[in-house]
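Trainee: Sequence plus predicted model, see below.
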Amino acid sequence: MKHLLSAGDLDRDEALLVLDTAEKLRELADRPIKKLPTLRGRTVVNLFFEDSTRTRISFEAAAKRLSADVINFSAKGSSVEKGESLKDTALTLAAMGADAVVVRHPASGAPHRLAASDWISASVLNAGDGTHEHPTQALLDAFTMRRHLGELEGRRIAIVGDVLHSRVARSNVLLLQTLGADVTLVGPPTLLPVGVEQWSVATSYDLDSVLPKTDVVMMLRVQRERMNAAFFPSAREYSRRYGLDAVRMAALPDHALVMHPGPMNRGMEISADVADSTRSVIVEQVTNGVAVRMAALYLLLAGAGSAVDDAVPEQRSRETP
Ligand code: NCD
């Protein structure tokens, strides 16, 4: 595989290969020296046309831990503000010898356009395109669930809130289905996409009835910046019906996890005490994101054939000279 554009591009074996590779690379995060020489001399460009904290830093850390050279490009302050097209930006990156381009773009389909073009021969990784997809987020979410719950076959995952505008939800639905999990999308009718019946997942407008039967509840941010109409009466009304607070959290089974891709609207879709509770794995999602993105870059650039076991040396004990 050359690009990572959609979570739906991965079959079960490929998805498990990424997750297993990430598992191996995750060990590095707990070592004093977190770096591998694997991608030395390769160039990874972070091409961000939309704001991001976690995803950009995470891809940057991932590429650096594999010893790649990293170029960060954000549209703000670049010639994009002077009207430069995606094509000309891509040609510039190609001229600089990019081996991988990590793209975040407000337009759904922009990474696909780049990958399908002959503007650039680099691997393209989709870091979130419009309301469409965010495959590495879905992979890091699955990775985090798997660490706590084991294999995801038959696990019940509720994805709650602004599904309509969420690329995280779309990618999660695709990947979780591939991994055999049972997904329920929960939200007000106005925030569930038209045609959701064809996604072959369960849907519900009633969060309280779903929570007791859930292994993982993934809360989504209400994406006000993508809303150009009133999708619910008021913020208070929304959090009363769809916000996860301590009372609702108590309805979850004891082993259930609370997740959120970030950035959170504390007090809106999730209360501060739930976000900071022991069931919340939100900070861990960020840590795991680096390992998963390392795995994605590793598999795309070093090739699926190169065994990660050879790349990650056994940690020597301190006594060994
Ligand atoms: C998400 C995104 O940008 O799609 N965040 C992320 O990547 N961690 C979700 C969001 O913006 O709500």
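Mentor: Structure received. Residues are numbered from 1 along each chain as shown.
Trainee: quick one, domains of the chain?
Mentor: Annotated domains of the chain cover 7-132+285-311, 135-282 [automatic domain parsing].
Trainee: Averaged pLDDT, the longest one. What do you get?
Mentor: Computed over domain 7-132+285-311, the mean pLDDT rounds to 92.
Trainee: Kindly report the residues of the stretch 1-150 of the chain close to the ligand.
Mentor: For the stretch 1-150 of the chain, the residues in contact with the ligand (CB under 6 Å from any ligand atom) are R54, T55, G128, H134, Q137. To be clear about C-beta, it is placed using only N, CA and C from the backbone, and glycine gets the same treatment.
Trainee: ok so, going back, how about TSV for the domains of the chain, with distance to M1 and mean neighbour count added?
Mentor: Below are these laid out as TSV (distance: least, CB to CB, whole Å; neighbours: other CB atoms under 10 Å):
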stretch	distance to M1	mean neighbour count
domain 7-132+285-311	7	19
domain 135-282	12	19
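Trainee: which residues of this protein fall in strands?
Mentor: Here the chain has its strands, by DSSP state E, at 43-48, 69-74, 100-105, 123-129, 156-160, 182-186, 202-204, 216-219, 257-259.
Trainee: can you put these in JSON lines and add distance to D276?
Mentor: As requested, those are arranged in JSON lines below (distance: least, CB to CB, whole Å):
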{"stretch": "strand 43-48", "distance to D276": "29"}
{"stretch": "strand 69-74", "distance to D276": "30"}
{"stretch": "strand 100-105", "distance to D276": "28"}
{"stretch": "strand 123-129", "distance to D276": "26"}
{"stretch": "strand 156-160", "distance to D276": "18"}
{"stretch": "strand 182-186", "distance to D276": "22"}
{"stretch": "strand 202-204", "distance to D276": "27"}
{"stretch": "strand 216-219", "distance to D276": "14"}
{"stretch": "strand 257-259", "distance to D276": "10"}
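Trainee: Now the phi/psi pair for the closest residue to the ligand within the chain, please.
Mentor: The minimum distance from the chain to the ligand, using CB to the nearest ligand atom, falls at R221 (3.4 Å). Per-residue torsions, R221: phi -70, psi 140 (degrees, to the nearest 10).
Trainee: My read is that it contacts A275, right?
Mentor: No - if you go by CB atoms under 8 Å, R221 and A275 don't touch, sitting 11.9 Å apart.
Trainee: who touches both of the two?
Mentor: Contact criterion CB atoms under 8 Å, 6 or more residues apart in numbering; residues shared by R221 and A275: H260, M264.
Trainee: mean confidence for stretch 274-282?
Mentor: On average, stretch 274-282 scores 98.
Trainee: now it: how far from the chain's centre is it?
Mentor: 18 Å (CA atoms, centre = their mean, to the nearest Å).
Trainee: Next, the distance between the ends of that stretch.
Mentor: Using CA to CA, to the nearest Å, one end of stretch 274-282 lies 10 Å from the other.
Trainee: So that stretch, near the ligand or not?
Mentor: No - in terms of CB under 6 Å from any ligand atom, no part of stretch 274-282 sits within range of the ligand; the closest distance is 10.2 Å.
Trainee: ok, back up a step: so which of the residues of the stretch 1-150 of the chain next to the ligand are in helices?
Mentor: Counting by DSSP state H, these place R54, T55, Q137 in helices.
Trainee: For A169, which non-adjacent residue is closest in space?
Mentor: With CB to CB, 6 or more residues apart in numbering as the criterion, A169 has its nearest non-adjacent residue at 4.6 Å, and that residue is V163.
Trainee: how close does the one you found get to H134?
Mentor: For V163, the distance to H134 (CB to CB, to the nearest Å) stands at 13 Å.
Trainee: Right, I'll leave it there.
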